[in-house]
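Trainee: Show me how the following folds:
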Amino acid sequence: MLSLLFNGHGLLFAILLLAILLSLSLHEFGHASVATVLGDDTPGRAGRLTLNPLSHIDPMGLLLVVLVGFGYARPVPFSPARLRAPWAPAAVAAAGPVMNLLLAAAAVNLLVWAGMPGGPALALRILAQINVLLMLFNLLPLLVVV
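Mentor: Numbering: from 1, shown residues only. Coordinates of the predicted model:
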């Protein structure tokens, strides 16, 4: 991804970086909010029940995103013992990919309905693609189990 800067594509680099930061932050917020709704206050006590990207971004994961275009965020801590239902850990795990699906759907709907030209359309396409890829990547463990 850093090669985009070296090849004079600074705007594309910025769009990709912002889309990744937004996507990873909302993904982790999804995990935190569902855990909280289902009875676990661990994400809130850890300062992770926030939309602030600084709370969710791992410095090494962000460096990897900038250097190679693939990285990670800090996982949200939660305690399965504090959740109210036996299926709740699965719901917390599913919340991140569901958030990515919702972000991709929102980006596509804005792209189609608003008919945005040029740069905004490119940003929405990138946002949708990143979120579909994040969703699919996070669902890979299901393929191992099944």
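
Trainee: Look at the residue nearest to residue 12 when sequence neighbours are not counted and report its pLDDT.
Mentor: Leaving aside its sequence neighbours, residue 12 sits nearest to residue 4 (Cβ to Cβ, 6 or more residues apart in numbering; 5.4 Å). C-beta here means a position set from N, CA and C on the backbone, and glycine is covered the same way. Predicted confidence (pLDDT) for residue 4: 84.

Trainee: how close does the residue nearest the centre of the chain sit to residue 76?
Mentor: In the chain, the centroid-proximal residue (Cα atoms, centre = their mean) is residue 24; its distance is 2.7 Å. Residue 24 is 11 Å from residue 76, where distance means Cβ to Cβ, to the nearest Å.

Trainee: Show me whatever sits in contact with both of these two.
Mentor: residue 56 (Cβ atoms under 8 Å, 6 or more residues apart in numbering).

Trainee: Which phi and psi values does residue 7 adopt?
Mentor: Note on residue 7: backbone dihedrals following degrees, to the nearest 10 are phi -100, psi 10.

Trainee: Check residue 47 too.
Mentor: Torsion angles, degrees, to the nearest 10, at residue 47: phi 80, psi 20.

Trainee: List the contacts of the nearest residue in space to residue 47 that is not next to it in sequence.
Mentor: Spatially, and ignoring its direct neighbours in sequence, residue 47 is nearest to residue 55 (5.7 Å; Cβ to Cβ, 6+ apart). By Cβ under 8 Å, 6+ apart, the contact list for residue 55 reads 25, 47-48, 74.

Trainee: Contact partners for residue 10?
Mentor: residue 4.

Trainee: Also residue 111?
Mentor: 121, 124-125, 128.

Trainee: Tell me the buried residues within the residues you listed.
Mentor: Among the contacts of residue 111, those classed as buried by 16 or more other Cβ atoms under 10 Å are 124, 128.

Trainee: give me the low-pLDDT residue ranges for this structure?
Mentor: Residue ranges of the chain with pLDDT under 70: 145-146.
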